[in-house]
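Asker: Predicted model follows, preceded by the sequence.
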Amino acid sequence: MDERAANVLALLPGLREQWPDSGPGALREIRLRAGSPVQLIGEGGEWLSSGAVDEAWIARAADALAAHSLYAREEELRQGYLSLEDGSRAGVCGCFTAERGRIGRMTAVRSLCIRLAREKKGCADQVMPRLYEAGRPLSVLILSPPGLGKTTLLRDVARQFSLGTAWGRGVCVAVADERGELSAGGRLDVGPRTDVMSGCPKAAAVAMMVRAMSPDVIATDELGGGEGAAAVLEAMRCGVTMAATAHARDLDDAHARRALRRLLEGGAFQRIIVLGGGVGRVEGVYDGAGKRLCSGEDER
Amino acid sequence: MNAGLKLAAAAVLTAACAGLGWSAALKQTRRVKALQSLRRAVSRLAEDMLEKRLPLRGALAASEHVLFSRAAQECQSPEEALRRAARELSGRGGPLDSLTREDLAAVERLADGLGRGSLERQRLLLRETTDELAALSLAAEKLAAERGRLYVSLGALGGLALAVMLV
């Protein structure tokens, strides 16, 4: 088991001891539900604990995951997640109050879905040659359903843009890391020429970094909202190259989402990488017009 | 033993007993100071946690109080860390050894809930703790005023009685 998984498991009372000898391989996800067994999902399958956990246990786990500081994380909870110090993220589900039609306070945590951050240096190697033109990085959008490795790939793309590759020299990269998943406060490598703004809403972070840091590339995770898309368009009009991710199964799905359609039809991205068919597998690389440049098989 | 020596021994005995009484009275004063300092630290903790929204470990470390600073050093479980720190610091000769069982119970109640649950829950816990410490501190202050002089007088009287018996 890797250190990150061991550290997260250590926060969940009694789970580490139950971990099976022939476990589900490298751990990717831990799902906790009140009244149900713990579900551990690894690269080799899944494992269910022998006993169920109750709501009090889940509440203690949430306290521990938030470093006993849930009181300071109410805004994150309102958005349905908790960022962990190591860049992992816990999705949170339970009972909220409603205040004037808006989500109010969380009153009970009933489920947690902990997705462990993965750092795979070199996982972008196969796509990097397609992400440069005349030695300059191209704007790239990475698409996939949840859990297929968009963030891991984006982190490595940002790292390689920053470090420099055989196809282009290293450039200044700014990372708008709203949830702290890309850099984990410096624990994950995003390259030597990279500045990170974390905890700040991505639209505001992108605008601030364009003004303040004069980056060549801005990387940000999970585009989809109108404000984020508008900020990305504005940054690109300022001559900044973007590297971003979004939830979508394929290009058709991406076009069906209004904010993404606006970006794609505006020619914001010169390259679109679609992941599919397994964790971290590249289904295809497309140009900005949607023309397939290569499939994952070609690149391998 | 000649009379002069006896008188000197009686004076020393009286002074020693009065000193014991003085020391008992001083412990009451130290308790008042310890409770006041603890209450100030909890108020600061509340401000850092509830207003500045500092994470618990940072807020404990910033409290500038020996109890919370020590607890901040091992924040895996704030409950255990705070209990352990209170136990160690209130031991004989420790900086909080003047605290009574009642005072330490207030610290344990704080330890039970610190860092658990929502902002509202923490707000309530910290308010209750501050109020409890303020009440304890007020009672300790009253007690110190009442008993301080009493302890010194009793010590001196006890010393005198012993001296009379000796002489």
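Answerer: That came in fine, so what should we check first?
Asker: CA atoms for contacts and neighbours, from now on please.
Answerer: Fine.
Asker: Now the residue of the stretch 51-200 of chain A found nearest chain B: closest residue in space that isn't a chain neighbour?
Answerer: Of all residues in the stretch 51-200 of chain A, residue A:71 sits closest to chain B, at 4.0 Å by Cα to the nearest Cα. What sits nearest to residue A:71 in space, not counting adjacent residues and going by Cα to Cα, 6 or more residues apart in numbering or on different chains, is residue B:119, at 4.0 Å.
Asker: residue contacts, that neighbour?
Answerer: Applying Cα atoms under 8 Å, 6 or more residues apart in numbering or on different chains, we find residue B:119 in contact with A:70, A:71, A:72, A:74, B:50.
Asker: quick one, strands of the stretch 1-150 of chain A?
Answerer: In order along the chain, the stretch 1-150 of chain A carries the following strands (DSSP state E, counting those that start in this stretch): A:27-33, A:36-42, A:45-53, A:81-83, A:89-99, A:102-115, A:132-133, A:136-137, A:140-144.
Asker: what about the residue of the stretch 201-300 of chain A found nearest chain B, distance to residue A:254?
Answerer: Nearest residue of the stretch 201-300 of chain A to chain B, counting by Cα to the nearest Cα: residue A:201, 17.6 Å away. Distance, residue A:201 to residue A:254, by Cα to Cα, to the nearest Å: 22 Å.
Asker: ditto for residue A:70
Answerer: For residue A:70, the distance to residue A:254 - Cα to Cα - is 34 Å.
Asker: If you count surrounding residues, which of these two has more?
Answerer: Higher neighbour count among residue A:70 and residue A:254: residue A:70, with 25 against 21, using other Cα atoms under 10 Å in any protein chain shown.
Asker: Spit out the contact partners of the more buried one.
Answerer: By Cα under 8 Å, 6+ apart, the contact set of residue A:70 is A:62, A:63, B:115, B:116, B:117, B:118, B:119.
Asker: What of residue B:73?
Answerer: Per Cα under 8 Å, 6+ apart, neighbours of residue B:73: B:57, B:61.
Asker: Contact residues of chain B facing chain A?
Answerer: B:49-50, B:53-56, B:75-78, B:114-120, B:122 (Cα under 8 Å from any Cα of the partner chain).
Asker: Buried subset of those as a ChimeraX selection?
Answerer: A single ChimeraX command selects the buried members of the residues of chain B next to chain A (16 or more other Cα atoms under 10 Å in any protein chain shown):
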select /B:49,50,53,54,55,56,75,76,77,78,114,115,116,117,118,119,122
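Asker: Out of the residues of chain B next to chain A, which sit inside helices?
Answerer: B:56, B:78, B:119, B:120, B:122 (DSSP state H).
Asker: where does whichever residue of chain B sits closest to chain A land on pLDDT?
Answerer: The nearest approach of chain B to chain A comes at residue B:119, 4.0 Å away (Cα to the nearest Cα). The model reports residue B:119 with a pLDDT of 92.
Asker: ok, residue A:10 to residue A:4 distance?
Answerer: From residue A:10 over to residue A:4 (counting by Cα to Cα), the distance is 10 Å.
Asker: before we move on, the earlier item: mind picking the two most distant members of the ones in helices among the residues of chain B next to chain A?
Answerer: B:78 and B:120 (18.2 Å; Cα to Cα).
Asker: Give me the domain ranges for chain A.
Answerer: If you go by automatic domain parsing, the domain ranges for chain A are A:3-115, A:128-299.
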